[in-house]
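A.B. asks: Build me a model:
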Amino acid sequence: MKRWIPFLKSDPTVAVIRLAGMISASGRGALNDAALAPVIEKAFSRGKPKAVVLEVNSPGGSPVQSSLIGARIRRLAEEKDIPVIAFVEDVAASGGYWLAAAADEIFADESSVVGSIGVISASFGAHELLARQGIERRVYTAGKSKSMLDPFRPENPEDVARLKGLLEDIHTNFKDHVSARRKGKLPEDQDLFTGEVWLARRAVDLGLIDGIGHLKPMMQDRFGEKVKFRRYGVRKSFLSRFGARVVDDALQSVEERSAFAQFGL
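C.D. replies: Residues are numbered from 1 along each chain as shown. Predicted coordinates:
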């Protein structure tokens with residue numbers, strides 16, 4: 001009510017965007033730019049927030065979606081002149097750290113896992129299994145690289161070299177993003193881009209985050225006890241709230257748990 005009365009000062013507000021889960025272009029509940037665009041826009045635009053907070057809890061995923069989401073956050077932060085502060089929960093690794101690095105400051109719990117600044121591509125090879133079963137793989141292409149890394153054919157060294165080149169280029173993009181966002185905070189004598197992860201206190205020493213702290217007390221300390229929080233996140237569809245699409249939910253849950261499990265979570 002206060003904000004509608006011109007002579008009364010409104011309590012300060014902080015917009016909170018929840019970024020939890022896998023980062024993927026597809027999959028219900030996954031973090032991606034298409035789903036988050038309206039959420040991020042609202043967070044920066046409604047009620048003139050003193051700051052926008054990112055609640056990050058992600059093991060990573062798509063480098064493109066990570067970049068798109070991070071770039072959108074930065075564009076709006078600069079356009080609206082609003083500081084962005086990230087708070088890491090269980091993990092901000094790989095693409096999850098890319099999102100956290102979009103903030104001006106990063107804080108975490110003492111036991112949060114941070115880092116994994118690297119790129120990975122995983123597949124399988126089944127050509128020997130097919131041969132044992134007497135199955136012949138037949139592939140016809142126009143363009144010699146069209147069937148690159150076909151898992152049902154023997155591995156081609158040229159294809160592997162080409163893939164590694166792509167991964168190195170994506171890794172360079174990742175390193176450039178982190179170096180720009182954490183400029184002046186990272187040690188010059190240590191390589192932090194090996195894919196290694198650290199707990200929060202060590203991450204502070206390395207300049208990957210700014211400190212140990214939790215959202216509410218830190219925001220109250222910064223903006224006063226009367227600060228209000230407005231939360232924004234991707235809403236589940238109507239059907240999903242009543243248990244629909246159970247199979248999809250189960251498969252997505254398995255994939256997400258597998259991604260978190262690699263960090264012991």
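A.B. asks: Next, give phi and psi for the most centrally placed residue in the chain.
C.D. replies: Residue closest to the average C-alpha location in the chain (CA atoms, centre = their mean): residue 96, at 2.9 Å. Note on residue 96: its backbone torsions stand at phi -60, psi -40 [degrees, to the nearest 10].
A.B. asks: Distance check, it against residue 22.
C.D. replies: Noted for residue 96: a distance of 9 Å to residue 22, by CB to CB, to the nearest Å. (Glycine included, C-beta is placed from N, CA and C.)
A.B. asks: any residues in contact with both of those two?
C.D. replies: The contact sets of residue 96 and residue 22 overlap at 58-60 (CB atoms under 8 Å, 6 or more residues apart in numbering).
A.B. asks: Most neighbours among these, which one?
C.D. replies: residue 58 (28 neighbours; other CB atoms under 10 Å).
A.B. asks: Strands of the stretch 1-150 of the chain, start to end?
C.D. replies: Assigned by DSSP state E, counting those that start in this stretch, the strands in the stretch 1-150 of the chain fall at 13-20, 51-58, 84-93, 105-108, 113-115.
A.B. asks: Which one of those strands lies nearest to residue 218?
C.D. replies: Of all the strands of the stretch 1-150 of the chain, it is strand 105-108 that lies closest to residue 218, at 6.6 Å by CB to CB.
A.B. asks: Direction included, what does that closest one pair against?
C.D. replies: Take DSSP bridges as the rule and strand 105-108 pairs in its sheet with strand 84-93 (parallel), strand 211-212 (parallel).
A.B. asks: Now render those strands as CSV, adding distance to residue 126 and mean pLDDT.
C.D. replies: Output for the strands paired with strand 105-108, formatted as CSV (distance: least, CB to CB, whole Å; pLDDT from 0 to 100):
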stretch, distance to residue 126, mean pLDDT
strand 84-93, 29, 97
strand 211-212, 46, 98
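A.B. asks: quick one: the helix or strand containing residue 229 to strand 13-20, angle?
C.D. replies: Under the criterion of DSSP states H and E, residue 229 resides in strand 228-232. If you take axes from the mean of the first three to the mean of the last three CA atoms, to 10 degrees, strand 228-232 sits at 30 degrees to strand 13-20.
A.B. asks: For strand 228-232, give the mean pLDDT please.
C.D. replies: For strand 228-232, the mean pLDDT works out to 95.
A.B. asks: before we move on, the earlier item: quick check: the residue nearest to the centre of the chain touching residue 62?
C.D. replies: No - Residue 96 lies out of contact with residue 62 (CB atoms under 8 Å); the separation is 11.5 Å.
A.B. asks: Now list whatever residues contact both of these two.
C.D. replies: Residues touching both residue 96 and residue 62 by CB under 8 Å, 6+ apart: residue 23.
A.B. asks: do you know how far residue 89 is from residue 197?
C.D. replies: 15 Å.
A.B. asks: next one: stretch 168-176 to chain centre, how far?
C.D. replies: With CA atoms, centre = their mean, to the nearest Å as the basis, stretch 168-176 stands 15 Å off its chain's centre.
A.B. asks: For it, list every residue counted as buried.
C.D. replies: Neighbour counts over stretch 168-176 (16 or more other CB atoms under 10 Å) mark 171, 174-175 as buried.
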